[in-house]
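>>> Okay, structure incoming, though there's no sequence with it:
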């Protein structure tokens, strides 16, 4: 009997309706843990993007890149804690680790509670393609827990595991369906740029957030569809977030870390935790 020799899995999609309301005991703080803070190439030894948010008795992940499973386990985290995953866009370093996470939940962690995966339109199809390519035969799994994909467009709102989600269209590779994200527990707001070139929408994403995590892929020289430090530095005064952290840095951006810190920014690194 092969590893995947069970009955056909049920891939299904909810095209926009919010999940059914759930009751949560609110926490005093929202805790944000940077599981992975790297760019697509793992520059500086950083893992692919993954951000854990614990709030209101729930755990939501923002992105889960191809290498995130290793970083997740290095931190000693339990995949059974995850209630939902929000995907910012359809690039492998932001969603490519989800198949491995699902398989770990099924065959190692013994997961039984449902898992919601929320992301741009096309996420369901991309997940199916990745499963088929990387784990042939996985379509025959009879899952021991229910997981579903909810696809939403930029500019929409939803309720995700008890947290309020807002999405924003940003500027990145068009085929990746890029979005920025805000998540709120009613007391605290977490904001994230996703991967993007400069757009004034970033000021809306960051507005009065307790923490705004913004990408900065390069130092002095622009990189297409991304932010670079010289540009970001000139835009900082427009952000009204209480704290700003920089992530997704390539080598030339990493070289600018002293300047970023001198400007009052937090530099994201794998394992960093912040209470909001």
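Good, I have the coordinates. None of these values were measured; they are calculated from a predicted model. Residues are numbered from 1 along each chain as shown.
>>> Just give the closest residue to residue 207, not the sequence neighbours.
Residue nearest to residue 207 in three dimensions, not counting chain neighbours: residue 240, with 5.4 Å by CB to CB, 6 or more residues apart in numbering. (Glycine included, C-beta is placed from N, CA and C.)
>>> My error: substitute residue 151 in the last question.
Closest residue to residue 151 in three dimensions, ignoring its sequence neighbours and counting by CB to CB, 6+ apart: residue 121, at 4.6 Å.
>>> Let's see the pLDDT reported for the one you found.
What the model reports as pLDDT for residue 121 is 96.
>>> cool, residue 21 as well?
Predicted confidence (pLDDT) for residue 21: 31.
>>> what's the answer for residue 93, then?
At residue 93 the predicted local distance difference test score is 97.
>>> now do the one 5 residues further on
pLDDT for residue 98: 97.
>>> helix, strand or coil for the residue nearest to residue 207?
coil (DSSP: H, G, I helix; E, B strand; the rest coil).
>>> since we're on it, how many residues are nearby?
By other CB atoms under 10 Å, the residues close to residue 240 number 11.
>>> In contact with it, which residues are there?
If you count contacts by CB atoms under 8 Å, 6 or more residues apart in numbering, residue 240 has them with 203, 206, 207, 208.
>>> sorry, back to before: count of residues packed around the residue nearest to residue 151?
15.
>>> repeat for the one 3 residues further on
Other residues within reach of residue 124, judged by other CB under 10 Å, total 19.
>>> hang on, isn't it packed against residue 151?
Yes: shown here, residue 124 and residue 151 form a contact pair, counting by CB atoms under 8 Å, at 6.4 Å.
>>> quick revisit: quick one: the residue nearest to residue 207 from residue 247, how far?
19 Å (CB to CB, to the nearest Å).
>>> on that earlier part again, which of the contacts of residue 240 has the most neighbours?
Going through these with other CB under 10 Å as the criterion, the one with the most neighbours is residue 206, at 26 neighbours.
>>> re the thing from before, correct me, but the residue nearest to residue 151 touches residue 177?
Yes: using CB under 8 Å, residue 121 is in contact with residue 177, at 6.3 Å.
>>> Show me the shaky parts of this structure.
1-28 (pLDDT under 70).
>>> any idea which helix is longest in it?
The residue-count maximum for a helix in the chain (DSSP state H) belongs to helix 123-134.
>>> quick one, what contacts the nearest residue to residue 70 once chain neighbours are set aside?
With CB to CB, 6+ apart as the measure, residue 47 is the residue that lies nearest to residue 70, at 6.7 Å, once sequence neighbours are left out. Residue 47 is in contact with 35, 36, 37, 38, 65, 67, 68, 70, 71, 270, counting by CB under 8 Å, 6+ apart.
>>> Rebuild these as CSV, extending it with secondary structure, distance to residue 108 and neighbour count.
Written out in CSV, the entries for the contacts of residue 47 read as follows (DSSP: H, G, I helix; E, B strand; the rest coil; distance: CB to CB, whole Å; neighbours: other CB atoms under 10 Å):
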residue, secondary structure, distance to residue 108, neighbour count
35, strand, 18, 27
36, strand, 20, 32
37, coil, 25, 26
38, strand, 24, 26
65, coil, 19, 26
67, coil, 18, 21
68, helix, 15, 27
70, helix, 14, 14
71, helix, 16, 24
270, coil, 22, 18
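>>> Out of these, name the two that are farthest from one another.
Taking every pair in the contacts of residue 47 and measuring CB to CB, the maximum separation is 13.7 Å, between 37 and 70.
>>> Surely residue 216 and residue 245 touch.
No: counting by CB under 8 Å, residue 216 stays clear of residue 245, with 10.0 Å between them.
>>> more crowded one of the two?
residue 216 (29 against 22).
>>> how near is residue 39 to residue 254?
With the distance defined as CB to CB, residue 39 ends up 10 Å from residue 254.
>>> how much space between residue 203 and residue 241?
Here the criterion is CB to CB. By it, residue 203 lies 10 Å from residue 241.
>>> Tell me which stretches of this structure form helices.
With DSSP H applied, the chain shows helices at 68-74, 92-95, 98-107, 123-134, 201-206, 229-235, 251-254, 257-262, listed in chain order.
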